[in-house]
Structure formats: C-alpha cells, structure tokens
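[1] generate coordinates for the sequence data below:
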Amino acid sequence: MKNLFLILFFLLSAIGMNAQTVVKLWEITPPTSNGLSEPELSEEGRISNVSIPELTVYLPDSTVNRGIAVIICPGGGYARLAIDHEGHDFAKWLQSQGIAGIVLKYRMPNKVKQVPLEDFNQAITYVRSKASQWKISNDKIGIAGFSAGGHLAATASTHFSSKELRPDFSILFYPVITMGDFTHEGSRNNLLGDTPTASEIMYYSNERQVNEFTPPAILLLSDDDTSVPPKNSVSYYTALKENKIPATMYIFPSGGHGWGMRNNFEYHDEMLSLLSLWLKTLSL
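    Numbers count the residues shown, from 1 in each chain. Here you go, the predicted structure:
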C-alpha cells in the first residue's frame, strides 16, 4: 500500500510539472493582418503558416516558484516555428527550475514587419495582467528567443514604447540581430520583403537600436554557426557593453545552428548549467 501511494504521488507530480494552459492571444482581430488565409501546417515539431497566435503557459509548482516568467519565441526564419525543441521543451525546463515558461506562438509576418512585435506586446501585456495571480514579480518578466525568434526578442528589447512593454531581461539563442550585411537573408526577406529600404534595414538592425534602457541579456551560440554568423551576437553584446548594460555571452566551439533543447548538442548540459547560474542572478 505504501508503494502504491508513492507511485501515485510521483505520477501526480509528473502531471503537475507538465501542466499547461493554452490562451488565445487576441480576443478580437489583431490590429494588423499578416495576409495569411491558408490553414496552419504542423509537421515534425514545426508549425508553418501561423496566423492565429496563442500562449501556452507552463507554471511551476507553488513550492518552487521563484517569481520569474519567460515569454519564449521559437525560431524558424520568420516562416515557421520550431515549436517543440525551441518552445515547449524549453518551457518545461524553465518550469522545472521554478520559472514560468510561456510559449508564444506568434504570427508569421509574411512581409508585414510589425506583426510579430504586435503579438509579443500583446503577450507581455497579458502576462503582466496575470502576475499577481501567477505569483510572478512584475519586474522579472523576460523574453527568450531562438534564431529569428531571437531577432523578435532583441526587437522587443530595443523597440518598446512603454515601460510595461519592456522585457526585464532577454535570453538569446544564436539570434538573428542585424538586417544588414551579415544577416540571415531568409529571415530578413520574410520580415521586410525582398527589397527593404535603408531605413527599414537600420530600424530592424537591433545592434543599432540598443540604448541605456535596453534590458540585460545572455547570449548563447556556436562558433561554427554558418546559418546565422556569430557576428550577430557579438555586435549586440558589444552594443550592450557600450551602453553599460549587463550582458553575458557564451560561444561554444561547435554545434552549428538550431540546437535548442536537443540532447545531441554536444554542450547541452554545459549550456543549461550556465543558463541556470545566470537565471539565479535574477532572484537576488
């Protein structure tokens, strides 16, 4: 009988650890349409043609809750979302660390540049409205982004129009930062179109938009990334330091691009250990 109770306890704990809530992001039609009308396509942990944004919320158990939340923006070149290993898997890991992991299924821009940031602004507004209920500190709501999702995270960190829309920190995995010479062309084309203007390139090159109010950041990337050159992260880190913003950057010797939470990334355990240490500084 005792063993049965133990088994039930661990089963209930496991269920609780993976508990999630899905929230429709917009109760009304979003301000800007991305022009997509085809149904979403989900295949092998990726979603394309996203036009209906949602939040999936993974709250930690109250006994380990650290009062921190992270809104997660998966990558996918602004054409699709790697929703599993750059979204839900990371949210579950955050949840295990006592942190609310909130996956943002943001709309694909389809060359309508303001669409992804509109979704993030709505997401952080919603999370702040739930901070008291979820036992989250209103000054510990950050953003994480992978690849093109990293560009969205850096955009949110440099283009906010009010204190409420400013993330309190950012976690950037091999992010697209610039729209300039060493950008990821697919991400740029999907966001800005095939012939962006010089002012559009400047405005969405986030290394050129950092200022003294940009939130602290940690950047995690691989030296041999040929899809999104490491210079993207280096330029953002440099801009942060020039503006006296706390910043941490780890460049792993190998791994290429897009490893996310995949266990076959050679430095997976080291990466999570370093990130865990950095996140602990947010609790001080």
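[2] tell me where the stretch 101-250 of the chain has strands.
    Under the criterion DSSP state E, counting those that start in this stretch, the stretch 101-250 of the chain carries strands at the ranges 141-146, 170-173, 217-222, 247-252.
[3] quick one, grab the pLDDT at the nearest residue to residue 109 once chain neighbours are set aside.
    Closest residue to residue 109 apart from its sequence neighbours, by CB to CB, 6 or more residues apart in numbering: residue 115 at 4.6 Å. For glycine as for every other residue, the C-beta is placed from the backbone atoms N, C-alpha and C. Looking at residue 115, its pLDDT reads 98.
[4] now swap in residue 255 and tell me
    Among the per-residue scores, residue 255 holds a pLDDT of 98.
[5] quickly note the distance from it to residue 183.
    Separation of residue 255 from residue 183 (CB to CB, to the nearest Å) stands at 20 Å.
[6] residue 163 now?
    Per CB to CB, residue 163 is found 30 Å from residue 183.
[7] between the two, which has more neighbouring residues?
    Shown here are residue 163 and residue 183; by other CB atoms under 10 Å, residue 183 has more neighbours (23 against 7).
[8] for the more buried one, which non-adjacent residue is closest in space?
    With CB to CB, 6+ apart as the criterion, residue 183 has its nearest non-adjacent residue at 6.5 Å, and that residue is residue 176.
[9] my guess is that neighbour contacts residue 186. True?
    No. Taking CB atoms under 8 Å as the definition, residue 176 is not a contact partner of residue 186, at 9.4 Å.
[10] of these two, who's got more company?
    Legend: neighbour count by other CB under 10 Å for residue 176 and residue 186, higher for residue 176 (34 against 15).
[11] show me what contacts the more buried one?
    Listed by CB atoms under 8 Å, 6 or more residues apart in numbering, the contact set of residue 176 reads 147, 148, 150, 151, 183, 184, 187, 188, 228, 232.
[12] and the two most separated of those?
    Using CB to CB, these span at most 13.6 Å, a distance reached by 150 and 188.
[13] of these two, which one has the most company?
    A count of neighbours by other CB under 10 Å puts residue 150 above the other of residue 150 and residue 188, at 33 against 24.
[14] got a list of what the residue nearest to residue 109 touches?
    Contacts of residue 115 (CB under 8 Å, 6+ apart): 30, 32, 34, 106, 107, 108, 109.
[15] gap between it and residue 192?
    Using CB to CB, residue 115 is found at 12 Å from residue 192.
[16] next: residue 80.
    Distance, residue 80 to residue 192, using CB to CB: 17 Å.
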